[in-house]
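Colleague: Sequence and predicted structure, then a few things I'm wondering about:
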Amino acid sequence: MRVLMVEGDLQIGRNLFRALKEAHYTVDWIRHGKTDNVNIVSTCYAAVLLDLGPSAVGGMNMLMALRAAGNPVPVLSLTARDDPDMRVRSLDVGADDCMLKSVDVPELLARLRAVLRRRAGCATSRIGDESLGLDLQKRTLYCNGVASALSAREFALMHCFLERPGAILSRRQLEDRIYGWGREVESNSLDVLIHSIRKKFGQSLIRNVRGLGWTTHCANESLAA
């Protein structure tokens, strides 16, 4: 799953980057929250971690510009200062959550999962429904009684589908959400990933719509190997 981190402090940024990578997120890191950066926050990001401190330059302005542009991407804002007014303002202008940078990494990751599942309209760590669900904490996919833990990229792929149930997603949309900046993406990488999921859950779980992309389907009869 691909996230954007806007963090001006090098040491904090390195620590957060490492923690997110260890949690199997694909992370793009920029140091300045300029409004120009709003253009890069398109549908390719599952969430944004946004530094509101002075070292990030313009984090609050970037948040306001995102929402003014109608971008609904979940935003977890971060501040190094125990300043209730700043936290309240960030929430009022569009942040989904706000926390101090001094918080433990497990809490940060839990809050990130929380904003992701709220984006998908779910109250627990599992998004989807009874027939097809994805556990954001366990990184496990459930389909009609079959359960399997997923690799980081398998998880990112299925999160794309279950975040927008029924949507047909193009190759470009999926690749943008799975792979980060500066990574060479082989022409068949996505196809290999889809094949891996189908091998576990049946061919018709991920359905190709010719000329448009892929969507998901899970029915009892689809689980035959």
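Modeller: Now that the structure is in, tell me what you want to look at.

Colleague: Could you export stretch 4-15 as CSV, CA atoms only?
Modeller: Output in CSV follows, covering the C-alpha atoms of stretch 4-15 (Å, rounded to 0.1, in the frame of the first residue of the first chain):
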residue,chain,number,x,y,z
LEU,A,4,3.0,9.8,1.0
MET,A,5,5.0,11.2,3.9
VAL,A,6,5.5,14.9,4.2
GLU,A,7,8.1,15.4,6.9
GLY,A,8,10.7,18.2,7.2
ASP,A,9,12.8,16.8,10.0
LEU,A,10,15.5,14.4,8.7
GLN,A,11,15.8,12.2,11.8
ILE,A,12,12.1,11.9,12.4
GLY,A,13,11.6,11.3,8.7
ARG,A,14,14.1,8.5,8.6
ASN,A,15,12.6,6.8,11.7
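
Colleague: List the contacts of that stretch.
Modeller: With contact meaning C-beta atoms under 8 Å, 6 or more residues apart in numbering, stretch 4-15 is reached by 16-17, 20, 27-33, 37, 40-41, 45, 47-51, 53-57, 59, 62, 78, 80, 101, 105. The C-beta positions use only the backbone N, C-alpha and C, and glycine is treated the same way.

Colleague: show me the contacts for the residue most central in space within the chain.
Modeller: The residue lying closest to the centre of the chain (C-alpha atoms, centre = their mean) is residue 46, at 2.6 Å. Applying C-beta under 8 Å, 6+ apart, one finds that residue 46 lies in contact with 1, 2, 3, 73, 74, 116, 156, 159, 163, 177.

Colleague: make it 6 Å
Modeller: Taking C-beta atoms under 6 Å, 6 or more residues apart in numbering as the criterion, residue 46 is in contact with 1, 3.

Colleague: Would you mind checking the contacts of stretch 4-15 for buried ones?
Modeller: 16-17, 20, 27-33, 37, 41, 45, 47-51, 53, 56, 59, 62, 78, 80, 101 (16 or more other C-beta atoms under 10 Å).
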